[in-house]
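**Student:** take a look and give me a structure for this.
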Amino acid sequence: MEKTLTPGINHIEFWVSDLFAAMKFYNSFLTLIGWKQISGASFSNGAMVIYFVERKNDIKTASLGMRHLCFQAVEKKQVDQVYDALAAEGAAFIRGPIAMPYSEQYYTVDFYDPDGQILEVAYTPYATLG
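**Tutor:** Numbering: from 1, shown residues only. Predicted coordinates for the structure are as follows:
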């Protein structure tokens, strides 16, 4: 029986300088917002997968491309829980937790992963798509 596919993102692959550090960091907050670690180098939310590939000798450079990746929190308190967990890990924050005027009750925290990727966890109950 063939599976019905819908448009969307199939997977995301992060290149990281230290796989162990990346997995520890991402595990510290992804599990708080409903993701599960499914292998030594990946997480899933049941609809998509994030893979991590260690690239120890690569040098990060400034380039055009994705600015940041935002993860959806389904409860406002999850944003605060993510902040607390990342603060305990010594993460570098850009802003938040803070309410933003993008939509009613938009509540976010923005931060860097260990390799300097910009990430966000946001609660957006009234944001519209499109």
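**Student:** CA atoms for contacts and neighbours, from now on please.
**Tutor:** Will do.
**Student:** where does the chain dip in pLDDT?
**Tutor:** Applying pLDDT under 70 to the chain picks out residues 129-130.
**Student:** now the strands for this structure?
**Tutor:** For the chain, the strands defined by DSSP state E cover 11-16, 36-39, 42-44, 49-54, 68-73, 93-99, 107-112, 118-123.
**Student:** take those and write them to CSV, including distance to Tyr83.
**Tutor:** Listed next are the strands of the chain as CSV, based on distance: least, Cα to Cα, whole Å:
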stretch, distance to Tyr83
strand 11-16, 21
strand 36-39, 19
strand 42-44, 20
strand 49-54, 21
strand 68-73, 12
strand 93-99, 7
strand 107-112, 7
strand 118-123, 9
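**Student:** mind putting those strands in TSV, mean neighbour count included?
**Tutor:** What follows is the strands of the chain, written out as TSV (neighbours: other Cα atoms under 10 Å):
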stretch	mean neighbour count
strand 11-16	15
strand 36-39	14
strand 42-44	19
strand 49-54	17
strand 68-73	15
strand 93-99	15
strand 107-112	21
strand 118-123	21
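**Student:** for the protein, what's the longest helix?
**Tutor:** Longest helix in the chain, counting residues (DSSP state H): helix 76-89.
**Student:** packing partners of that one?
**Tutor:** Packing partners of helix 76-89 (3 or more Cα pairs under 8 Å, 6 or more residues apart in numbering; DSSP states H and E): helix 19-30, strand 93-99, strand 107-112, strand 118-123.
**Student:** could you dump the ones you listed to TSV with distance to Ile38?
**Tutor:** Below are those laid out as TSV (distance: least, Cα to Cα, whole Å):
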stretch	distance to Ile38
helix 19-30	11
strand 93-99	27
strand 107-112	23
strand 118-123	21
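**Student:** ok, what's across the strand from the spatially most central residue of the chain?
**Tutor:** Centroid-nearest residue in the chain, with Cα atoms, centre = their mean: Phe71, separated by 4.8 Å. Under DSSP bridges, the beta-bridge partners of Phe71 are Val121.
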